[in-house]
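Trainee: Sequence first, predicted model second:
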Amino acid sequence: MIKPKIIFLAVLAASCLPGFADKLPDRAEKAVDYQIKVRLDVKAKQLNGQERITWRNPSQNSVGDLWFHLYLNAFKNSRSTFNKSRRLVSAKDSSWGWVDIVSMTLENGTDLTKAMTFEQPDDGNRDDQTVLRVGLPQPVPPGGEVTVRLVFRAQLPDLRVRTGHAKGTFMVAQWFPKLGVYEPAGMRGRETGGWNCHQFHPNSEFYADFGRYSVEMTVPSSFRLGATGRLRSKRDNGKGESTYLHEEDNIHDFAWTAGPDYVLVKRKFSGRADVTGQEYRQASELLDRPVDELLLSDVEMIFVMQPGHLDQLPRYEGAAKLALKWYGLWYGRYPYQTLTVVDPVGQGGGGMEYPTLITAGTTALFAYRPFDRIRFPEMVTVHEAGHEWWYGMVGNNEFEEAWLDEGINSYSTGRVMEKGYGKRGTMIQFLGLDLNELDTIRMQNFPSRVYDKSLQPAWSYQSGYSFYSYTKPELMLRTLENYLGQRTMARIMRTFHERWRFKHPASQDFIAVANEIAGRDLNWFFDQALKGTGIYDYEIAGVSTYPVPKRLGLFDEKGKKVLNPDKKGEKSPKDSPSSKPEVYRSDVLVQRNGEAQFPIDVLLVFEDGHQVVKHWDGKSRWTRLSVDYKSRLARAEADPNRQIELDVNWANNSRRMSSDSRPAVKLASHVLYWLQGMLAFIGLVA
Amino acid sequence: MHTAQALKKGLDDIRANKRVVLLLWLTNLILALALALPLLGWLDKLSDTSEADVMLEQFSLRLLVEIGYYDFSALWRLASRLFVWLILAASLVSTFMSGGVLTVLANPSEEPLLERFFAGAGRYFLRFLGLLVGVGTCAMVVLSGLNLLMGAIVAKVSESSSEVTPLILGLFQTVLSILVGSVFLLVLHYARIATVADGLSSIIKAVLRSLAFVFRNFLRTFALLIFFAAAGGLVYLAYWMIRGVLPTTSWLLILALIAVQQAVTVARSALQLGLVGAEMQLYVLRRPKVEKISGEPERQPELMAEVADPEPGTEGTQGTQGTEGTEETQGTLG
C-alpha cells in the first residue's frame, strides 16, 4: 500500500509540471507602460530622470488630458496639503523636496509643457503641487494609446514618510511623475468616466494603474541597491557608477533604495520545502479547493540589511516566509519572482509597502533580551508583505477606501502572526507583559469612537485614521469570521482576492462577495460596522434568582376551582409554601449600550453546573431572560464565546450572583506594593 | 576600614532600632493606602464579572483598560491629583521622618523612643526642608542642563553615526545622570547628618560641609550607597522569584502574596535606616576638624552618646564645636 504522503507528493510534483491549475488571473489588463532612466546625484541628493509613459484608454470615452501624481512636491514648502495637515511650522533647509518636470512631449515631439497645470481636487489648496494635469492636443480615443516623454529633476528631502536620504543612504519612493487612474463609467460605482488622482496626504498615497515598469537606476558603484522587480542587468560605466535595470509586470508603483553600507542577502522561499503537506491539506480543506490549486511558487527573497542588524536577519526571514506561505495559501500564490525586504536606515524609513518591495524596521536593541520578545520586526514584515496581496495585487483606492487594504491586511496580519507565533504573547512578551493581537487592537476600541466611519476618505478624519482604517476593520472582520465560521470567512477572502487580483475593487465589491459566499444578506452588518458610527456594547445589567412562588388562591383545574393548588398533598409543615422550593426562577437583564446591533447568545450557568443558552436578536435596547430550574443561578454571560470582537467592553459581558473579590484584591495589592516602592524611593531622596 | 566599620554600624542600627523600622514601614503603608484604597474601590468592579478570573492566573492589561473605559477620565483625574498630592505629602513626611531617624540614631538613650523620634523630627523639619529645597533645586538645574547638553549631542551624533553610537551615548547619559543625581543625594544626606552631628543651624554651611565631605570621601560614600542599593536589589530579586512560583488563585495564596510584599517593604525600610546609620557613622569617623567661624556661634553636636541629650528645643547649649573628638572617640557613637 502506498503511503498517503507519497501520493500527496506525487500529486504535488505532477501538478507542478503543466503550470498552476487555479482560478487566479495571471496578469493585469495592462493600462500603462513605464520606461524610466534615472541617475542619482549623491552630492546634491537629486534625481535626474527621463521617462517614457504609454497609457491606454480603458473607457468608452475620448480622453483629452492626463493626470499625474507629483508627490515629491508634498515636501516642497510649508503650504503643501501634506505639510499643512502636519502643521509644519519650521524645518531645516535640507528637509525640502520637490520634483520639476523639465520637459514633456508627445512621442512625435509635440511640446506639452505649456499645457501643464497643477490641480487640487481634494481641498482646493492652490499652494499644493502634488497633482498635475496635462491637456492633450488630440483626445485619446476609446481603447487608444498615447505615449509621452518627460524629463524630470527631483530633490530628495531628509528622510520622511519613507522618502529621502539619511546618513548617506537613499530611500526613493513616490519619486517619479506617475499617472493617476482613469476610471471608466461603472467602475467603483462611478456614473461618468474620469481621472481619479488625489493630492498627497499624510495618511494615504496609493492609487495607480497596473502595467509594466522598466527602470534603469544609475548610482555610485560603491552603493548596494534594492528595488522593485527583478534585476535584469547591471553594468558599470567605468566612472565609478553602476546602472541597474529592474523590470516587473502587473505592478502599479516602483520604489528603490541605495546606500554604501547596505548588505544584500538572498534567501529562497520554496513552495515545496517551506510548506508541509499537512499545511497544504489544511488549506485545501479550509477553502474547499484541491491541493494543486493552492500550490505555491518559489520566490527569491532579497534582504537589504544594515550591517548592524544582520543578527536579526533570521527574524526578518522567518516572518517573510510566514507571509509568503500563509497569504499564498489563503488568498493566492505570490505571482512575482522576488520579494525585497529593506531594513531601512534612519527614522521614518520603515513600515511601508511598494510592489515586490517592502520596508520593515528594527533597532539594534531588539537583538537582546528582553527586547527580542517584542515582535515588532516580525509584525511589520508580515504586515507589509501582506500588502503585496492587499494593495499590491488587489489595487484598491487607498485615498477613498483605505480599509480595503489597511483593514483587510491588518486582519490578515493578525491571523498570520497567530499562526506563526501562537495566540498568547503574539505581539509582545516583555517583562511579564503578554500582549496578543486581540489585546492590542481591542485596547484601541474606545466607546468614544463614534465620530468617524471606516468608510470615508482617508484625509477627512477628525482623528484616529489608523483606528478606523486598520483596527476597526480588523475587529469587524474578526467578528464576521466568528459569526460566519472560519471556513466561510476563508472562502470569502479567497474569492474576493481571486476576483479582484490585478484590479481596482470598491467596498461594495467586498460586501457583494461576502453576501454571495455566506449565502445571506450581510448588509445589515456592514452598514453598521463599516458605514456606521455606532459602537457595540452588550452588558449583563442585572441577575437575580429566587424560588418560583407557589400558586396561591383559586385556580381552575379540570373544571374545578382549586385553592392553593401547589399545597396539595403537603403532609408536614416543612412542605409548606415557605419551605425549600423545587424550582428557582433566574432572571437576567441584558442591555445594549451601543447603537450597533448584533444577535447574541446569553449563557446562564447554574450552581449545579447546568448551563442554558438563550438567543437574543440584540435589536431592542434591553431584554429580560427568565429560566426556571431546580438550581440557583451562579452567573450569566452575554456573547459567551466572545464573537463580537467589536464589543468595546467585555468586562461588562458577565455577572456573577455572588461577587468574588480575589482579582480586585490581588490587583490592589500590587498597586499598593508599587506605591510603597515609589514612596520608599521618595524616602531615600527627600 | 572606616567604610567597613560604618557598614557594620548601619547593620547594627537596624537590629537595634526595629521599632523605628516598623515606624518607617507603617508611615509608608499609610501613605500608600491613601491612594490604594480608592483604587481598590474602583477595582471592585472586577468582583462582579467572571471575565476577571483571568487576572488570578495572569495580568490582563486589556481587561484593566476595558473596565476603565466609561469612567477613565474621571478616574484619571482623581488618581493623578491624588498622586501629585501623595508625592508632595510623601516628600514632607519623609523629610520629617528623617529628622526623627537621625535623632534616634544619634542619641540612643533610655528616653521613650517615640518621644525622641518625634522631638528630633520636629526640631529638624524646617532645616531639612530647606536643605531638600536647596539641594533639590540645584540638582534639577544641573541635571536639566546636563541632559539638554547630552540630548543635543546625542541628536547631533544620531544624524551621522551608526545606530549603536546614540544608544551607547544614551546609556552613558543615563549613567551620568544617575551618578550626578547620586552625588546630590549624598550631599543632601550628609548635610542632614552634619546638621545633626555638628549642630549646624545654617543650611548653606551644612551643604558646604557635606559637599566637602562627599568629595573627600567619594568612594566611601558611594560604596555605602551601592551596598544598600544592592541589598535592596537582592530583596527585590527574591520577591520576583517568590512571586514567580507563587500561584495566586485562592484567598490564602493572595494573603501570602500580600504578606511577602509587606515583608519586602519592611526590609526596604530596614535598609533605609541601615543606610542612614552607616552614613552617619562614616561621617563621624571621617569628618574633618571644623574650625570655628568667628561671628557665628556653632551649634553643639547632639549625637554624643556620652552626653545627655538636651531638652527638645534647647539645642546648642552643650558647648562648642571644639568638643569634636578624635576618630577613636567618635567611633563610639551610636
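Mentor: Received the coordinates, thanks. Numbers count the residues shown, from 1 in each chain, chains lettered A, B, ... in the order given.

Trainee: C-alpha only now, for contacts and for neighbours.
Mentor: Fine.

Trainee: domain ranges for chain A?
Mentor: Chain A breaks down into these domains under automatic domain parsing: A:1-30+A:265-367, A:31-261, A:414-529, A:538-548+A:583-663.

Trainee: Quick one: end-to-end distance for the longest one.
Mentor: Which is domain A:31-261. Using CA to CA, to the nearest Å, the end-to-end distance of domain A:31-261 comes to 37 Å.

Trainee: Now do that domain, average pLDDT.
Mentor: In this model, domain A:31-261 has a mean pLDDT of 95.

Trainee: and that domain, how far from the chain's centre?
Mentor: Distance of domain A:31-261 from the chain centroid (CA atoms, centre = their mean, to the nearest Å) equals 25 Å.

Trainee: Now B:Phe59: closest residue in space, sequence neighbours ignored.
Mentor: Leaving aside its sequence neighbours, B:Phe59 sits nearest to A:Leu433 (CA to CA, 6 or more residues apart in numbering or on different chains; 7.5 Å).

Trainee: so that neighbour bridges to which residues?
Mentor: Per DSSP bridges, the residues bridged to A:Leu433 are A:Phe430.

Trainee: if we can go back for a sec, could the domains of chain A be laid out in a markdown table, adding mean neighbour count?
Mentor: A markdown table is the format used below for these (neighbours: other CA atoms under 10 Å in any protein chain shown):
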| stretch | mean neighbour count |
| --- | --- |
| domain A:1-30+A:265-367 | 19 |
| domain A:31-261 | 19 |
| domain A:414-529 | 19 |
| domain A:538-548+A:583-663 | 19 |
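
Trainee: And the helices in chain B, which stretches?
Mentor: Read by DSSP state H, chain B holds these helices, from start to end of the chain: B:2-16, B:18-43, B:54-57, B:61-67, B:72-106, B:113-160, B:164-197, B:203-216, B:218-245, B:251-286, B:327-330.

Trainee: For stretch B:102-111, buried residues please.
Mentor: B:Leu102, B:Thr103, B:Val104, B:Leu105, B:Ala106, B:Asn107, B:Pro108, B:Ser109 (16 or more other CA atoms under 10 Å in any protein chain shown).

Trainee: Compile these into TSV and extend it with columns for pLDDT.
Mentor: What follows is the buried residues of stretch B:102-111, written out as TSV (pLDDT from 0 to 100):
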residue	pLDDT
B:Leu102	94
B:Thr103	93
B:Val104	93
B:Leu105	92
B:Ala106	89
B:Asn107	84
B:Pro108	79
B:Ser109	74
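
Trainee: which one of those is nearest chain A?
Mentor: B:Leu102 (13.3 Å; CA to the nearest CA).

Trainee: can you pull the pLDDT of B:Leu169?
Mentor: pLDDT, B:Leu169: 87.

Trainee: Skipping adjacent residues, who's closest to it in space?
Mentor: B:Val154 (6.4 Å).

Trainee: Enumerate every residue touching that neighbour.
Mentor: Residues near B:Val154 by CA atoms under 8 Å, 6 or more residues apart in numbering or on different chains: B:Pro166, B:Leu169, B:Gly170.

Trainee: Now do it against A:Thr362, distance only.
Mentor: Remark: distance between B:Val154 and A:Thr362 (CA to CA) = 19 Å.

Trainee: doesn't A:Met217 fall inside a strand?
Mentor: Yes: A:Met217: assigned to a strand according to DSSP: H, G, I helix; E, B strand; the rest coil.

Trainee: Let me see the contact set for the residue of the stretch 501-650 of chain A found nearest chain B.
Mentor: Nearest residue of the stretch 501-650 of chain A to chain B, counting by CA to the nearest CA: A:Asn649, 5.5 Å away. Taking CA under 8 Å, 6+ apart, we find A:Asn649 in contact with A:Asp537, A:Tyr538, B:Glu66, B:Ile67, B:Tyr69.

Trainee: deepest of the helices of chain B, which one?
Mentor: Highest mean neighbour count among the helices of chain B (mean count of other CA atoms under 10 Å in any protein chain shown): helix B:251-286, with a mean of 22.

Trainee: helices and strands around that helix, which ones?
Mentor: helix A:662-685, helix B:2-16, helix B:18-43, helix B:72-106, helix B:164-197, helix B:218-245, helix B:327-330 (3 or more CA pairs under 8 Å, 6 or more residues apart in numbering or on different chains; DSSP states H and E).
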